[in-house]
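# sequence unknown, structure follows:
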């Protein structure tokens, strides 16, 4: 559960990822059917006004292509299938939000191949869905004490969120630390 000050007028939120434990002490591994069912039930019961979906992006990263040549074919197939299933579930939760007239935000790096997937493009059939690109350095993201640009795209049906994020464009007035040599995982 994510605590928010009462003065904001917002209710408590929740996070469902591997870093958060369920009541039984197990992590929210959304690759399992049981946890997906629990997540959808929680979404139905709580009816959050905003759902933020940020599925794993490593398999869709253009930089990850460098590692693919060293992987065994079945290992690569398994990695991509797992990533596709995770994106499918994240989009399913976004679709629940859109159908209910509530907001969603789906996030992945600008250069991620996921943006070309038909299942991602399918979300644009819902009213008001748009994308906006922004730079995380403008929100203070750093690695090893240096700004990290991390150009990111969100797909959302919230015009307020899109308008707000559109303001975070890097003016190139500073140097960016490249997200190479394991730095990208620290900026997830």
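Ah, there it is. Nothing here was measured: the structure is a model prediction, and the numbers come from that model.

# buried residues in stretch 118-131?
With burial defined by 16 or more other C-beta atoms under 10 Å, the residues of stretch 118-131 counted as buried are 120, 123, 129. For every residue, glycine as well, the C-beta is placed using N, CA and C.

# find the nearest non-adjacent residue to the second one, please.
Spatial nearest neighbour of residue 123, chain neighbours left out: residue 129 (5.5 Å); criterion: C-beta to C-beta, 6 or more residues apart in numbering.

# that neighbour and residue 168, how far apart?
20 Å (C-beta to C-beta, to the nearest Å).

# can you pull the pLDDT of the most centrally placed residue in the chain?
Ranked by distance to the mean C-alpha position of the chain (C-alpha atoms, centre = their mean), the top residue is residue 54 at 1.4 Å. pLDDT recorded at residue 54 is 87.

# quick check: it vs residue 33, distance?
Applying C-beta to C-beta, the value for residue 54 to residue 33 is 21 Å.

# and for residue 121?
For residue 121, the distance to residue 33 - C-beta to C-beta - is 26 Å.

# got it, and residue 15?
Using C-beta to C-beta, one obtains 20 Å as the distance from residue 15 to residue 33.

# over to residue 115?
27 Å.

# which of these two has more neighbours?
More crowded of residue 115 and residue 33, by other C-beta atoms under 10 Å: residue 115, with 16 against 9.

# hmm, residue 58 is touching residue 83, no?
Yes - at 7.4 Å, residue 58 and residue 83 qualify as touching, with contact defined as C-beta atoms under 8 Å.

# settle it for me: which of those two has more neighbours?
Neighbours per residue, other C-beta under 10 Å: of residue 58 and residue 83, the larger number sits with residue 83, 21 against 14.
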